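>>> Structural data only, the sequence is not supplied:
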């Protein structure tokens, strides 16, 4: 059955800190992304097309930490990471430390389809973008005032620990198409105040992003260093493949046992080839949405 | 039991293409690395100290594709990647796209121990190196004539497919110390003619490098794009943890089934917490060495 699930990050903020107006902005963006992605599936396009289309919408929404709206590095620069993976072939593409690419997820897909490599970083990745005719934009496109203020507060040391690590706005999508084939994509600005060319889990195959038709498609969000050490996304798939766990059991184990055991915070969405969706998070909330061929179209934030 | 195992890459070259003189150079370097690493274990130092010491020796040897002797990118630059992981804590550090760091493995260890991040890339990673007092050197340090000629031949298109993909000189080490704790480290120059800021499997936790006291320590070498897609290093550990496979069975499966199934070439060394060592490779040969407290000290190249 055609299905698409997306996330817009996970966080530990208190319910009272989110106004209705602000939730409406998130909710509208999530629904727009669901519609854009599902339109692809409905038109007979692949799950890769669906996750790319959904993530592109979220990359343009300044409320999420991906594309426009990305957080700032310690040096005051927006540096973007993304990945995409095809569950049928285990082909994958990823990009890191981009500064001028409006849609990192689309560049990741070009890496997968038009280069001999899997992961490209920095200025070299942008050379490849230019060769591929991918849209570049001025750094000002990524500048949003609320993110910049977040960096200033973080740099002043006031709220670094409390604020920067309690909300992760990475976006991602997983989908299954009419051929029963899975795909996953993730896009992020990383972590406020990140330093020294830091790369997180999102563009790392097996950490923030993974897809295999043998098990599931996964996109993660959260404190990237812990998701990297946990090889979180591949771990959900490996537990399904090795242990026969259902997708919900495997996803819950990886977040509530493995990630939690390392002391990390975050969440993920996973989908198996029948379109069953599992969200797991050890934060207070996770921005999420699901749409499928049965007419279901739901968004959510706090646990059901 | 104290044990250390190392590799200096895997390849498909024919036995007749390796002269005795050349093998002696490799063999001497492997033995020197074994001695340097085992000296640490013997003195009661940690497995992290042992793998770092062994890899540092290999990074200085121009016959291997790591540190001095690294291959050239398409643009004629040596770009170095490395990672290290501690099996006791699952802490990890990694660096990518370095151009001036003599010992990438030591910078990876500083990332693990002295930064809040896991993976640093490019100029930012070198800023961190300077802050940490890590030795930088001129790019000429990494220039070796045989690698440069290899690039010229690859760029001319004559031997790109045949030569650049038939030998992988990445180096790595795994060890277990007196506390029964495992560690893994890997260092590489990547792939001759790599483009656009390509990052391979070596610095990716779960792909080229992984260690957990719950299962094993792993360092891989080979065609990085395939090892990335296979999440090769974590996969060996996951099969031991999930399926109870012995280290040799898990290592053989990952190379001869999973990597081979994707069409990739390469090899890996894996060690469990009792010091049992497994080398697996689907290339014709793999430079390798083992040393342990029983007095065993062996090097090898072709299958036994």
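In hand now; what should we look at? These figures come from a predicted structure and were not determined experimentally.

>>> Next secondary structure after the helix or strand bottoming out on mean pLDDT in chain A?
Least confident helix or strand, chain A: strand A:167-168 with a mean of 74, by mean pLDDT, DSSP states H and E. The helix or strand immediately downstream of strand A:167-168 is strand A:171-176, counting by DSSP states H and E.

>>> Check which helices and strands that following strand sits against.
Using 3 or more CB pairs under 8 Å, 6 or more residues apart in numbering or on different chains; DSSP states H and E, the elements in contact with strand A:171-176 are strand A:3-11, helix A:20-42, helix A:47-60, strand A:182-188, strand A:216-222, strand A:266-272. Glycine gets a C-beta too; all of them are placed from N, C-alpha and C.

>>> Listing partners with orientation, what would you give for it?
Using DSSP bridges, the strands paired with strand A:171-176 are strand A:3-11 (antiparallel), strand A:182-188 (antiparallel).

>>> which one of the ones you listed has the most crowded surroundings?
The highest mean neighbour count among the strands paired with strand A:171-176, using mean count of other CB atoms under 10 Å in any protein chain shown, belongs to strand A:182-188: a mean of 34.

>>> Which strands or helices does the following helix or strand past that strand pack on?
Tracing the chain past strand A:182-188, the next element assigned as helix or strand by DSSP H and E is strand A:198-199. For strand A:198-199, the packing partners by 3+ CB pairs under 8 Å, 6+ apart come out as strand B:119-121.

>>> where does the stretch 1-150 of chain A have low pLDDT?
For the stretch 1-150 of chain A, the stretches flagged by pLDDT under 70 are A:13-16.

>>> Which of the three states applies to residue A:233?
Following DSSP: H, G, I helix; E, B strand; the rest coil, the label given to residue A:233 is helix.

>>> Please disregard the earlier target; I meant residue A:62.
Following three-state DSSP, the label given to residue A:62 is coil.

>>> can you tell me which residues contact residue A:138?
By CB atoms under 8 Å, 6 or more residues apart in numbering or on different chains, the residues touching residue A:138 are residue A:100.

>>> start to end distance for stretch A:205-215?
The first and last residues of stretch A:205-215 sit 15 Å apart, counting by CA to CA, to the nearest Å.

>>> Of the helices and strands packed on strand A:171-176, which is nearest residue B:142?
Of all the helices and strands packed on strand A:171-176, it is strand A:182-188 that lies closest to residue B:142, at 32.2 Å by CB to CB.

>>> Run through the residues of the stretch 1-150 of chain A sitting next to chain B.
Within reach of chain B by CB under 8 Å from any CB of the partner chain, the stretch 1-150 of chain A has these residues: A:90-92, A:96-97, A:115-125, A:127-128.

>>> Just the ones of those in helices?
Within the residues of the stretch 1-150 of chain A next to chain B, residues falling in helices by DSSP state H are A:122-125, A:127-128.

>>> List the buried residues of stretch A:78-96.
Neighbour counts using 16 or more other CB atoms under 10 Å in any protein chain shown place A:78-88, A:90-96 of stretch A:78-96 among the buried residues.

>>> go on, stretch A:230-249?
For stretch A:230-249, a neighbour-count test (16+ other CB under 10 Å) marks A:230-242, A:245, A:247, A:249 as buried.

>>> check those residues against chain B, which are close?
Within the buried residues of stretch A:230-249, those near chain B by CB under 8 Å from any CB are A:230-231, A:234-235, A:238-239, A:242.

>>> with those in mind, which one is nearest to residue B:33?
Using CB to CB as the measure, the one of these that approaches residue B:33 most closely is residue A:231, at 27.5 Å.

>>> quick revisit: now pLDDT too, for the ones next to chain B among the buried residues of stretch A:230-249, in CSV please.
As requested, these are exported to CSV (pLDDT from 0 to 100):
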residue, pLDDT
A:230, 98
A:231, 98
A:234, 98
A:235, 98
A:238, 98
A:239, 98
A:242, 98
